[in-house]
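> Test case, fold it:
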Amino acid sequence: MQQYPSIFNDVIGPVMIGSSSSHTAASVRIGRMIRQLAGGPLARLEVAYDRNSSLAAAHLTQFVDTALLAGMLGYDTSDAEILHGFQLADEAGISYAFTVKEIGPGHPNTYYVTATRLDGAVITVTALSTGGGMFQIIDYQGFPLLIDGGFYELLLRCPAAQQEAVSQALRPLLPQRHLLQYWQKGEDFLLQVQSETPLAAGFGAQVAADSVQLQPVLPILSQLQPTVPFITGAEILRYAENHPELDLWQLALAYEGRRSGESEAQIFARMQNIIGLLRHSLDTPLAKEGVDRILPNQAQLLDTAPPLLGGRHQQLVIGYVTRLMDIKTSLGVIVAAPTAGACACLPGTVFALGEELSLTTNQLVEAMLAASLVGVLLAAHSTFAAEVAGCQAECGAGSGMAAAACAQIAGAPPSTCLAAASLALQNVFGLTCDPVAMRVEVPCLGKNLLSAFNAIASANMAVCGFAQVIPLDETIAAFDAVGKALPRELRCTGLGGLTITPSGQSIARRLAGK
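Numbering: from 1, shown residues only. This is a model prediction of the structure:
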């Protein structure tokens, strides 16, 4: 099924506490859904991860478990309290267990959840973290449904003999725009209602069936019948030919406006808010103690460094990218753009050029919007999950997005911006994800910097008229195939690359002993 990503769900966001969007932020959102699916206070939460999954290695180092507990208690991705989920659960009287065991093949970010309520009722949930903080519930109580956190939902369970009667009683109560689906398990039926608008309370009592109602956890609601003006690079270029007055950032407004139903002014204001939030984080002093990390803050080293090769331009790019990575690693507030591991490449490059070229805030917003449209294409036709396609899906994707932003800053037309993105993506095929000690620090900082300078070079190449040779759509298809062909050891499992070097293993043992 064709996906129509939202800029502020899938690409620029969530606003979050580090360290990982796939692991920390997604866990919070999954926890919030478990809270709702339980339909009552919990006594115990048990979560299992497959031994061969990314979560087997990451759940202890990237705040997966604590974030899941905090989300279950109602906290959001940007709340600092998510780092204290164990304590919060203890205070709430909730017991918990997280285990790694042989389960079998599946998505590398799969959560197998069993939750017990205070009344003894047990619910089972299977959830996936799909990259960049996005998630899916793919099984609830043995029913193979799909919940992505973007709808108002109603789940009604009833015996097969009552299914028709419940359906007939339910239909007159539903809003005009809704989707009603049926899921069967043995002699039981689950009716799943998805709506773009809030549902009235008390459906279960009115139709005499067990029910649970869910609220959205994503900032932009999903659409039952999404319509967008384009979803490929080729379609963007055809649209641009018919609207030659529009820059790429304005095409992003057109896309998101159709996707979300928001006005162009609302969308522009959302991105302005992102810029303001990033400025605030950049101006906030960093935590110096109490954070389990490999590197001390690195950006401060530039203050006493000798003159850099390349002069002020190099200083600014390295400074902003490194500062944003320092914020993430010190567990400050960041924006996954498109992921937490790649949170610095795009905004760091844009802020550096903003200072170098004295750009206005609106120009920074335009650059971020232009980048986000390339991100939409990547989200629709590939992935932002390093666990699925290596770091090319994170830092590599960020580089392609940043190249479009740079070309937008240079005043290039949409065709040149997309060519810049294609050139940048072509340069990062096969970028592995091998974080030392399974912390998103090393070589993540260097890869963000690599991606930033690759973006600037690719934008300059495109603006000068260098041939992209392979159009963006074909590049993304090849990009996706290469990433998914990487061996499991090089896709954020802690089983290959720098992670398993003697020094890497020594660092892991040292941090584990703290």
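> Could you use CA atoms for every contact and neighbour count after this?
Noted.
> quick one: low-confidence parts of this structure?
1, 203-209, 288-291, 514 (pLDDT under 70).
> how's it carved up into domains?
Listed domain ranges for the chain are 151-215, 233-285+295-512 (source: automatic domain parsing).
> mind checking which of those is nearest residue 52?
Among those, the nearest to residue 52 by C-alpha to C-alpha is domain 233-285+295-512 (7.9 Å).
> what about that closest one, how long is it end to end?
For domain 233-285+295-512, the first-to-last residue distance is 45 Å (C-alpha to C-alpha, to the nearest Å).
> what's the answer for stretch 188-201, then?
Stretch 188-201 has its terminal residues 23 Å apart, counting by C-alpha to C-alpha.
> before we move on, the earlier item: and residue 130, which of the domains of the chain is closest to it?
Comparing the domains of the chain by C-alpha to C-alpha, domain 233-285+295-512 comes nearest, at 6.3 Å.
> related to what we said a few turns ago, could you single out the most deeply buried of the domains of the chain?
Greatest average neighbour count among the domains of the chain goes to domain 233-285+295-512 (a mean of 22), per mean count of other C-alpha atoms under 10 Å.
> for residue 4, phi and psi?
Here is the backbone geometry of residue 4 (degrees, to the nearest 10): phi -120, psi 80.
> Look up how far residue 320 lies from it.
31 Å.
> do residue 462 as well
For residue 462, the distance to residue 320 - C-alpha to C-alpha - is 24 Å.
> again, but for residue 85
Taking C-alpha to C-alpha, one finds residue 85 at 31 Å from residue 320.
> cool, and residue 413?
Distance, residue 413 to residue 320, by C-alpha to C-alpha: 26 Å.
> Not counting its neighbours along the chain, what's nearest residue 274?
Nearest residue to residue 274 in three dimensions, chain neighbours excluded: residue 335, at 7.6 Å (C-alpha to C-alpha, 6 or more residues apart in numbering).
> Likewise for residue 198?
In space, residue 198 is closest to residue 152, 5.8 Å off (C-alpha to C-alpha, 6+ apart).
> My read is that residue 34 contacts residue 72, right?
Yes. Here residue 34 reaches residue 72: they are 6.2 Å apart, a contact under C-alpha atoms under 8 Å.
> I figured residue 7 was touching residue 257, is that so?
No. Applying C-alpha under 8 Å as the test, residue 7 and residue 257 come out as separate, 10.1 Å apart.
> what's around residue 286, how many residues?
Residue neighbour count, defined by other C-alpha atoms under 10 Å, stands at 17 for residue 286.
> mind listing what it touches?
Contact analysis of residue 286 by C-alpha atoms under 8 Å, 6 or more residues apart in numbering lists 326, 327, 330, 332.
> wait, what's in contact with the last one?
For residue 332, the residues meeting the contact criterion (C-alpha under 8 Å, 6+ apart) are 17, 18, 281, 286, 287.
> quick one: the last one and residue 149, what's the gap?
I take that to be residue 287. Taking C-alpha to C-alpha, one finds residue 287 at 32 Å from residue 149.
> which of the two has more neighbours?
residue 149 (24 against 15).
> contacting residues for the more buried one?
Residue 149 makes contact with 33, 135, 136, 215, 216, 217, 218 under the criterion C-alpha under 8 Å, 6+ apart.
> Highest neighbour count among those residues?
residue 33 (26 neighbours).
> Can you report phi and psi for it?
Torsion angles, degrees, to the nearest 10, at residue 33: phi -70, psi -40.
> follow-up on the earlier one: now do the same contact list for the residue nearest to residue 198.
Per C-alpha under 8 Å, 6+ apart, neighbours of residue 152: 194, 195, 196, 197, 198, 199, 213, 214, 215, 216.
> What's opposite it in the beta bridge?
Residue 152 forms beta bridges with residue 195, as assigned by DSSP bridges.
> coming back round to it: kindly reformat the contacts of residue 286 as TSV containing secondary structure and distance to residue 350.
Output for the contacts of residue 286, formatted as TSV (DSSP: H, G, I helix; E, B strand; the rest coil; distance: C-alpha to C-alpha, whole Å):
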residue	secondary structure	distance to residue 350
326	helix	17
327	helix	17
330	coil	22
332	coil	20
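> Now for residue 187: which residues touch it?
159, 160.
> do the same with residue 340
With C-alpha under 8 Å, 6+ apart, residue 340 has these contacts: 18, 19, 20, 21, 22, 132, 328, 334.
> Does residue 367 touch residue 350 like I think?
Yes. At 7.1 Å, residue 367 and residue 350 qualify as touching, with contact defined as C-alpha under 8 Å.
> residues shared between the contacts of those two?
Common neighbours of residue 367 and residue 350 (C-alpha under 8 Å, 6+ apart) are 405, 406.
> so which helix or strand takes in residue 89?
Using DSSP states H and E, residue 89 maps to helix 85-92.
> roughly how far out does the next helix-or-strand element following that helix sit from the chain middle?
For helix 85-92, the following helix or strand on the C-terminal side (DSSP H and E) is strand 95-101. Centre-to-centre, strand 95-101 and its host chain are 24 Å apart (C-alpha atoms, centre = their mean, to the nearest Å).
> Please enumerate residues in contact with strand 95-101?
43, 44, 45, 46, 47, 48, 49, 50, 51, 56, 65, 89.
> Dump that strand to PDB, restricted to CA.
The C-alpha coordinates for strand 95-101 follow below in PDB (Å, rounded to 0.1, in the frame of the first residue of the first chain):
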ATOM      1  CA  SER A  95       6.300  -4.300  38.200                       C
ATOM      2  CA  TYR A  96       8.200  -5.000  35.000                       C
ATOM      3  CA  ALA A  97      10.500  -7.400  33.200                       C
ATOM      4  CA  PHE A  98      12.500  -7.000  30.000                       C
ATOM      5  CA  THR A  99      14.000 -10.100  28.500                       C
ATOM      6  CA  VAL A 100      16.000 -11.200  25.400                       C
ATOM      7  CA  LYS A 101      15.200 -14.600  24.100                       C
END
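> list the buried ones in it?
Buried residues in strand 95-101, counted by 16 or more other C-alpha atoms under 10 Å: 96, 100.
> Could you tell me the angle between that strand and helix 85-92?
Orientation check (axes from the mean of the first three to the mean of the last three C-alpha atoms, to 10 degrees): strand 95-101 against helix 85-92 gives 140 degrees.
> Each with direction, which strands does strand 95-101 pair with?
Neighbouring strands of strand 95-101 in its sheet, by DSSP bridges, are strand 42-50 (parallel).
> could you turn the partner strand into CSV, dropping everything but the C-alphas?
Extracted as CSV, the C-alpha positions of strand 42-50 are listed here (Å, rounded to 0.1, in the frame of the first residue of the first chain):
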residue,chain,number,x,y,z
LEU,A,42,-1.5,-1.8,35.0
ALA,A,43,0.0,-4.0,37.6
ARG,A,44,2.8,-5.5,35.5
LEU,A,45,4.5,-5.0,32.1
GLU,A,46,6.6,-7.8,30.5
VAL,A,47,8.5,-7.1,27.3
ALA,A,48,10.5,-9.5,25.2
TYR,A,49,13.0,-8.9,22.4
ASP,A,50,14.3,-11.4,19.9
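> ok, the most centrally placed residue in the chain - contacts?
Relative to the mean C-alpha position of the chain, the nearest C-alpha, by C-alpha atoms, centre = their mean, is the one of residue 132, at 1.4 Å. Going by C-alpha under 8 Å, 6+ apart, residue 132 touches 10-11, 13-14, 21-22, 26, 336-340, 384-385.
> And for residue 280?
Contacts of residue 280 (C-alpha under 8 Å, 6+ apart): none.
> Alright, that wraps it up for me.
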